[in-house]
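Novice: any chance you can model this:
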Amino acid sequence: MNPLLEGGFTVNGFAVVGYSGAALAFAVLALLLASRWRGRLTGNWLLLVLVLQLLWALAATSFHWLEDSRAAWFYGCLEALRYVGWLLLLRELWQPLALAEGAAVRWYQKLNPLLIGVALLLTLAALWPALDYALSVRLGFPLLQTGMLLLALGSGVLAEQLYRRSRPEQRWAIKFLCLGLASVFVYDFYLYSDALLFRRIDADIEAARGFIYAAAVPLLAVAVARNPRWSIDLFISRGLMLRSVSVLAAGGYLLLMALVGFYIRSTNAEFGDALRIVFLALALVALLVVAISGQVRSRIKVFINKHFFNYQYDYREEWLRLNRTLAGEEGGGRIHERAIRALADMVDSPAGMLWRCTDADLCEFTEHWCMPPGKDFTAKPDRALLDFLRRTGWVIELTEYQQFPDRYADLDLPNWWFNQPSSWLILPLRHGEHLTGVVLLASPRARRTINWEVRDLLKTAAAQVASYLALYQTTLALVDARQFEAYNRLSAFVVHDLKNVVAQLQLIGSNADRHRHNPAFIDDAIQTVGNASTKMQRMLAALRKGSVEAAATTAVAIDDVIAEILRQCSNLKPAPQAGPASGERVRADRERLLAVLQHLIQNAQEACKPDGQVKLTVVSESNDVTVKIRDNGCGMDADFIRERLFRPFDTTKGNAGMGIGAYQARETVRSFGGDVTVTSSPGQGTEFTMRLVRVDHREESDGKSGQESETTIGG
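Specialist: Below is the predicted model:
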């Protein structure tokens, strides 16, 4: 057997688990580095170290599992060779110190190649046992054990001096690397000093070495993540780190409680089992209480962010969580409550209040989250605080304000800010140059230092929340404006229709003196008054509902509608004329179609001289019925048709018109599924073309059959 392994090792599951765990840890970190490798020298040496350590851990696992001589020989060869990788990495890290201090570190520069030579000599001796035997006899002490002791001692000195001689601002980046190296080298020193003292390697110490090396891998990973100049972008998830630390702590706790339980059982023969069960049950309950504690979780997060990461926050995760909270995907709640919670979660604050500000420098209490105000709570930010927040955008820490008020210039805060339970931070919600709100957060579950990073994150997040709330307020204002717009449009339509009704009634009144004894006039007047009453009732119903109901279209005989409209408009000159009957039916609302035709014909009459001409023509097409209203009046130019004709509230009639008749006519026909187009030229007259959906007789028969069938089934 290799002399390095004299005394033999006990093959047990403990050693196999430890070395296999170390192999797995080195393999994972090596794969991560290889996938992100960019070819810089420090990354090369680090990757070489991990590969050598991986091979060494695999050889140790094989040796303990198989007790094979070839595995033992391979294990012995890699025992010293792996130190070459460590020393080359340390040599590369020492280069900046050598350039900065020169002669002061020359001795350490010479130590590194000397140790590399020792490691290569030990590797050669492991490959050729005869050489090891000859040198050991000549020197008078075991070569391999003494050499490994020197390697561990010298490498540990280099790691310690690397940390000690680095500038204070650089130690943060390498302290976990040095800590990981120190744990490895110190344990090896302990192993081989014991072996040199007792002339054999202790099997128990050697079996535990795999766990020590596996525990050093996370320290190396953190060091890599903290040194981007090594050109390896290794990302360690904060969530994974939090869960790993929690699981590790819980596992250690359960293991300790199990040991205590077995101790209770062994020392209390009579009630040992019962006491052990009671103790383990209480310990498990205590663990569950701690596990669901927000304060403990917050303390673990603060510890991890402080000691394992160069920044306290994973900004990608924070920003995604902020947007999810504002959108209501996490926890729901009202929008202002979500705004408070989005800011509070960033600093583990359990509660908060929000005041919404207006342009008039007035703030009113709007919402709280787990921080209900008192019954007669009327406090609100005063004008001085609002001006200060608007001008500076600072995050005000109330504890700091009480201890160092001069840091906040001449700001004078009322006492009620400090009387709120656990009041901690005042955040301004600034949207551009405007202050849209003020948020008060309660003290966090775990004590937290408010440094520049936390302040910058809170100010940036507060700006996002302010934009979100400003958008929400703008949306509400837009909804209100649209409601008013819809009501105003409805009012305009009603007034326009009312104007037409009034015109009809005035026409009856003006002709009453001449035709009051004419029975036909009386019949026509009564019918007109009835129609006017029906229209006015419909207008009043629309005003009460606040909207115009969608047109309930039916099959309407177009010839009957034209005959009715000719009768209504025959009192004005020129009297409209119609072409031959078409016999077609269209899909429309009869009353509204009559109103559209009446408006278009009256416009045509007003555009013509008394001896002019207004003619209606119906043209049947495959799917449509086209009604053309042609006059030989003054006409319109193309610019007027394109820019003004269908524009609401634009009229050429002065106070006599409202400018919505053409717009209303087109929108009404479009609600039927049709459209209105115009062709005109000055002095040549105008032609309105109203295209309506044609209802063929087969479709009408199917509709009637369906109605009859439905009636029969219902009966």
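Novice: ok, the residue of the chain most remote from its centre to Asp560 distance?
Specialist: Ranked by distance from the centre of the chain (C-alpha atoms, centre = their mean), the top residue is His517, with 80.2 Å. His517 is 30 Å from Asp560, where distance means C-beta to C-beta, to the nearest Å. (Glycine included, C-beta is placed from N, CA and C.)
Novice: swap in Leu616?
Specialist: 13 Å.
Novice: isn't there a strand covering the residue farthest from the centre of the chain?
Specialist: No - read with DSSP: H, G, I helix; E, B strand; the rest coil, His517 is coil and lies in no strand.
Novice: got phi/psi on it?
Specialist: phi -90, psi 0 (degrees, to the nearest 10).
Novice: what about the strands in the protein?
Specialist: Using DSSP state E, the strands assigned to the chain run over residues 352-357, 363-369, 396-397, 423-431, 434-442, 554-557, 577-578, 585-588, 614-620, 624-631, 675-681, 685-693.
Novice: burial of Phe646, as a residue count?
Specialist: 17 (other C-beta atoms under 10 Å).
Novice: check contacts around it.
Specialist: Residues near Phe646 by C-beta atoms under 8 Å, 6 or more residues apart in numbering: Ala662, Tyr663, Arg666.
Novice: hmm, the second one is touching Arg670, no?
Specialist: No - counting by C-beta atoms under 8 Å, no contact exists between Tyr663 and Arg670, whose distance comes to 10.7 Å.
Novice: more neighbours, these two?
Specialist: Comparing Tyr663 with Arg670 by other C-beta under 10 Å, the one with more neighbours is Tyr663, at 21 against 12.
Novice: which residue comes closest to Leu597 once chain neighbours are left out?
Specialist: Of all residues not flanking Leu597 in the chain, Ile565 sits nearest, at 4.6 Å (C-beta to C-beta, 6 or more residues apart in numbering).
Novice: likewise Arg91?
Specialist: Leaving out its chain neighbours, the residue that sits closest to Arg91 by C-beta to C-beta, 6+ apart is Asn112, at 4.8 Å.
Novice: report pLDDT for the one you found.
Specialist: pLDDT, Asn112: 71.
Novice: quick check: it touching Glu92?
Specialist: No - taking contacts as C-beta under 8 Å, Asn112 lies outside contact range of Glu92: 10.0 Å.
Novice: pLDDT weak spots in the stretch 351-500 of the chain?
Specialist: 359-361, 376, 480, 483-497, 499-500 (pLDDT under 70).
Novice: repeat that for 90
Specialist: Filtered on pLDDT under 90, the stretch 351-500 of the chain yields the residue ranges 357-366, 370-394, 399-422, 431-434, 444-457, 459, 470-500.
Novice: could I get the full set of helices for it?
Specialist: Secondary structure of the stretch 351-500 of the chain (DSSP state H, counting those that start in this stretch): helices at 383-392, 398-403, 416-419, 452-515.
Novice: which helices and strands sit right next to the last one?
Specialist: Read that as helix 452-515. helix 315-326, helix 335-346, strand 423-431, strand 434-442, helix 519-545, helix 590-607, helix 661-671 (3 or more C-beta pairs under 8 Å, 6 or more residues apart in numbering; DSSP states H and E).
Novice: what does the shortest one give?
Specialist: In terms of contacts (3+ C-beta pairs under 8 Å, 6+ apart), helix 416-419 is packed against helix 398-403.
Novice: how far off centre is the helix it packs on?
Specialist: Relative to its parent chain, helix 398-403 has a centroid offset of 33 Å by C-alpha atoms, centre = their mean, to the nearest Å.
Novice: for that helix, buried residues please.
Specialist: Neighbour-count burial for helix 398-403 flags Leu398, Tyr401 (criterion: 16 or more other C-beta atoms under 10 Å).
Novice: do stretch 56-70 as well
Specialist: Result for stretch 56-70 [16+ other C-beta under 10 Å]: buried residues Trp56, Ala57, Leu58, Ala59, Ala60, Thr61, Ser62, Phe63, His64.
Novice: neighbours around the nearest residue to the fourth one once chain neighbours are set aside, how many?
Specialist: Right, the one you point to is Ala59. Counting by C-beta to C-beta, 6+ apart, Ala59 lies nearest to Tyr75, which is 4.1 Å off, once chain neighbours are set aside. Tyr75 has 26 neighbouring residues, counting by other C-beta under 10 Å.
Novice: before we move on, what about Ala286?
Specialist: 12.
Novice: any idea how far it is from Leu93?
Specialist: Taking C-beta to C-beta, one finds Ala286 at 44 Å from Leu93.
Novice: in stretch 432-446, what's buried?
Specialist: Going by neighbour count (16+ other C-beta under 10 Å), the buried part of stretch 432-446 is Leu435, Thr436, Gly437, Val438, Val439, Leu440, Leu441, Ala442, Ser443, Pro444, Arg445, Ala446.
Novice: now do stretch 327-340
Specialist: For stretch 327-340, by 16+ other C-beta under 10 Å, it's Glu330, His336, Glu337, Arg338, Ala339, Ile340.
Novice: got the contact list for that stretch?
Specialist: Here stretch 327-340 makes contact (C-beta under 8 Å, 6+ apart) with 321, 324-326, 341, 352-354, 356, 366-369, 429, 437, 439, 441, 465, 468-469, 472.
Novice: 7 Å - rerun?
Specialist: The contact list for stretch 327-340 (C-beta atoms under 7 Å, 6 or more residues apart in numbering) reads 324-326, 341, 352, 354, 366-367, 369, 439, 465, 468-469, 472.
Novice: stretch 372-388 now?
Specialist: If you take C-beta under 7 Å, 6+ apart as the criterion, stretch 372-388 is touched by 355, 357, 361, 363-365, 411-414, 416, 435, 438.
Novice: which ChimeraX command selects the buried ones in those residues?
Specialist: Per 16+ other C-beta under 10 Å, the buried members of those correspond to this ChimeraX selection:
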select :355,357,363,365,411,413,435,438
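Novice: off-centre distance for stretch 200-212?
Specialist: 50 Å.
Novice: for the nearest residue to Lys573 once chain neighbours are set aside, give its distance to Ile629.
Specialist: Nearest residue to Lys573, sequence neighbours excluded (C-beta to C-beta, 6+ apart): Pro610, at 4.2 Å. As judged by C-beta to C-beta, Pro610 and Ile629 stand 18 Å apart.
Novice: more neighbours: those two, which one.
Specialist: Between Pro610 and Ile629, counted using other C-beta under 10 Å, Ile629 has the larger neighbour count: 21 against 9.
Novice: spit out the contact partners of that one.
Specialist: So Ile629 contacts Leu600, Ile601, Ala604, Leu616, Glu687, Phe688 (C-beta under 7 Å, 6+ apart).
Novice: mind checking how far the last one is from Asp589?
Specialist: Separation of Phe688 from Asp589 (C-beta to C-beta): 19 Å.
Novice: what about those two, which has more around it?
Specialist: Phe688 (25 against 19).
Novice: so the more buried one touches Leu600, yeah?
Specialist: Yes - the criterion here is C-beta atoms under 7 Å, and Phe688 meets it with Leu600 at 5.1 Å.
Novice: just to revisit the earlier point, would you list the buried residues of stretch 327-340 in CSV and tack on distance to Val347 and pLDDT?
Specialist: As requested, the buried residues of stretch 327-340 are exported to CSV (distance: C-beta to C-beta, whole Å; pLDDT from 0 to 100):
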residue, distance to Val347, pLDDT
Glu330, 16, 75
His336, 19, 90
Glu337, 17, 92
Arg338, 16, 92
Ala339, 15, 93
Ile340, 12, 93
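Novice: pull the most distant pair out of these.
Specialist: Glu330 and His336 (15.7 Å; C-beta to C-beta).
Novice: OK, contacts around Leu120?
Specialist: So Leu120 contacts Val84 (C-beta under 7 Å, 6+ apart).
Novice: ok, how many other residues are close to the closest residue to Ala470 other than its chain neighbours?
Specialist: The shortest distance from Ala470 to any non-neighbouring residue, by C-beta to C-beta, 6+ apart, is to His431 (4.5 Å). Other residues within reach of His431, judged by other C-beta under 10 Å, total 19.
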